Every structure is written in C-alpha cells, then in structure tokens.
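Chemist: Kindly return the folded structure for what I paste below:
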Amino acid sequence: MLTKDKIKLVGYLYLLFMGIGMVLMLIIKSVDTFLVVDYYKLPSLLNHDVFRSIRALAHNNSFYIILLAAFFAPLVEETMFRLWLSFDPRHIAISLSVILIYSLLGFKNLFKMNLMTLAIVSSFLLICLLTYQILKGMNIEQFLMRIVSIKVLGSISAISFGLVHIANFAPINTSIWFLYPIYVLPQIILGYLTVFLRVRYGFIYGVVLHVLVNFVAVLVKI
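Modeler: Numbers count the residues shown, from 1 in each chain. Below is the predicted model of the structure:
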C-alpha cells in the first residue's frame, strides 16, 4: 500500500536522480562533442529521438505518447527487471514471460494483434504457468542467497536495464561500441534507485519513481 512517507522518499530519490543526471549529462555531452563528433567525425548520438518508435506507434498523438512512454513502458520494464527480485515464484514466472515476449516481439509488435502475436503471447503465458508450477514449492530466495547476494542480483538488474537502452541509439555504430554504455549511465542509476525501492519497500514504489522520471522526460520532449 502506498504511504505518505514512502511517496516522499520517492520524491527525494527523484530529486537525487535529477541531480546525478545533470552531472552525468555534462559528462555525456563532453564525450559526445569531443570524442564522437570531433575525434571520430561521426554524427552526434544525442540527436537520436529516443521516443521515435513510440511516436510512430502513437501516430504523434501526445496523449498516447505520454500513455505509452510514461506509464506503459515503465510498468513493462519494471516487471522485466525488478518484479522477480521478491523471489516469489509467481513474480519470477511473470517476469520471465514478459522478458520472453518482449525479447521476441519487441515493443512495437506487442500492439500488432495478429495470429502470430497471439500464438507467441499464449505460448509464453503457458511457460509462465509451467514455471510457477515448478517453482512454487521451492524456497528460491534461500537457494539463491547461497550462491549470490541480493546486491549482486540488484546490480545485474540495474546494469542490464541500463544496457538495454542502448537500443535507443540504433543503428549502433560498432566502431564506437565502447562509448554507448556511457550514454546509458542515467538509466543505470535509475535502475539502482528502483532496485532499492523494490527490495526495501515493494514493487509499486519502483514503478512510481520510473513513471515520474519518464513522465517529466516525455513532457520535455513532446
């Protein structure tokens, strides 16, 4: 359940993210200007419209852009990267299903209702049910904690979340592949903050922070 104190914490973490983000943007801007543009003589990566696929999907309708980018995308991403951190078999099964569906279909194809899409989604929902049936009698948390700490799992979640956003800069120029992780440092930081909220207070608080970040970013862009 959402509480006033925890919502205030989300607000503080948002301000922290914005502060760190401004510093990171100075670093990213410097890398982009002095390395990508001046040294490698390539077009600026900061000119990429990270919302272009959503714009196309929403037919440039501002309401649908906000709905997809600020609400739907954060919910999907938090389900993929953070829901499973409870180690609840149901949450693991749901996260696995969403990861598989997203990996195979991508964001845009989720909205193309054809027989192939329905077959793929149905198949992965079946996998979700089977995964839950297999895991429901197991103590997943106890098993994993013998192998790896929650800090490591949280880092895997945060870093992989950030690296996935490299796709925003597609097509990728392989000659400067090593620079792309710098451009997604803000997403990695956001990943760590939402991991903290998810593990300490619950899934919904990570979603709220993610929605807040995306909502403000979308309002600036549209």
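Chemist: list the buried ones in stretch 2-22?
Modeler: Lys6, Leu9, Val10, Leu13, Tyr14, Phe17, Gly21 (16 or more other C-beta atoms under 10 Å). For glycine as for every other residue, the C-beta is placed from the backbone atoms N, C-alpha and C.
Chemist: just checking, the third one touches Leu212?
Modeler: Yes: taking contacts as C-beta atoms under 8 Å, Val10 lies within contact range of Leu212: 7.0 Å.
Chemist: what about the one residue sitting closest to the centre of the chain, which helix or strand?
Modeler: Centroid-nearest residue in the chain, with C-alpha atoms, centre = their mean: Glu77, separated by 4.1 Å. Using DSSP states H and E, Glu77 sits within helix 73-81.
Chemist: What helices and strands are in contact with that helix?
Modeler: Contact here means 3 or more C-beta pairs under 8 Å, 6 or more residues apart in numbering; DSSP states H and E; on that basis helix 73-81 packs against helix 89-109, helix 150-164, helix 185-200, helix 203-221.
Chemist: Flag the shaky bits of this protein, pLDDT-wise.
Modeler: Applying pLDDT under 70 to the chain flags the ranges 1, 107-117.
Chemist: which ones are touching the residue nearest to the centre of the chain?
Modeler: By C-beta atoms under 8 Å, 6 or more residues apart in numbering, the contact set of Glu77 is Phe161, His210.
Chemist: go again using 10 Å as the cut-off
Modeler: Glu77 sits next to 98, 102, 107, 161, 164-165, 187, 190-191, 194, 206-207, 210, 214 when contact means C-beta atoms under 10 Å, 6 or more residues apart in numbering.
Chemist: Most neighbours of all these, which one?
Modeler: Neighbour counts for the contacts of Glu77 (other C-beta atoms under 10 Å) peak at Thr194, which has 31 neighbours.
Chemist: Test my guess that that residue contacts Arg82.
Modeler: Yes: with contact defined as C-beta atoms under 10 Å, Thr194 and Arg82 form a contacting pair (5.9 Å).
Chemist: Common neighbours of those two, please.
Modeler: Gly154, Ser157, Ala158, Phe161, Phe203, Gly206, Val207, His210.
Chemist: Quickly note the distance from the third one to Arg146.
Modeler: Spelled out, it's Ala158. 22 Å (C-beta to C-beta, to the nearest Å).
Chemist: of these two, who's got more company?
Modeler: Remark: of Ala158 and Arg146, Ala158 carries more neighbours, 22 against 7, as counted by other C-beta under 10 Å.
Chemist: tell me the contacts of that one?
Modeler: Phe81, Arg82, Gln187, Ile188, Ile189, Leu190, Gly191, Tyr192, Leu193, Thr194, Val195, Phe196.
Chemist: Distance to Val31 for those - can I get that in TSV?
Modeler: Listed next are the contacts of Ala158 as TSV, based on distance: C-beta to C-beta, whole Å:
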residue	distance to Val31
Phe81	25
Arg82	28
Gln187	16
Ile188	15
Ile189	16
Leu190	19
Gly191	20
Tyr192	21
Leu193	23
Thr194	25
Val195	25
Phe196	27
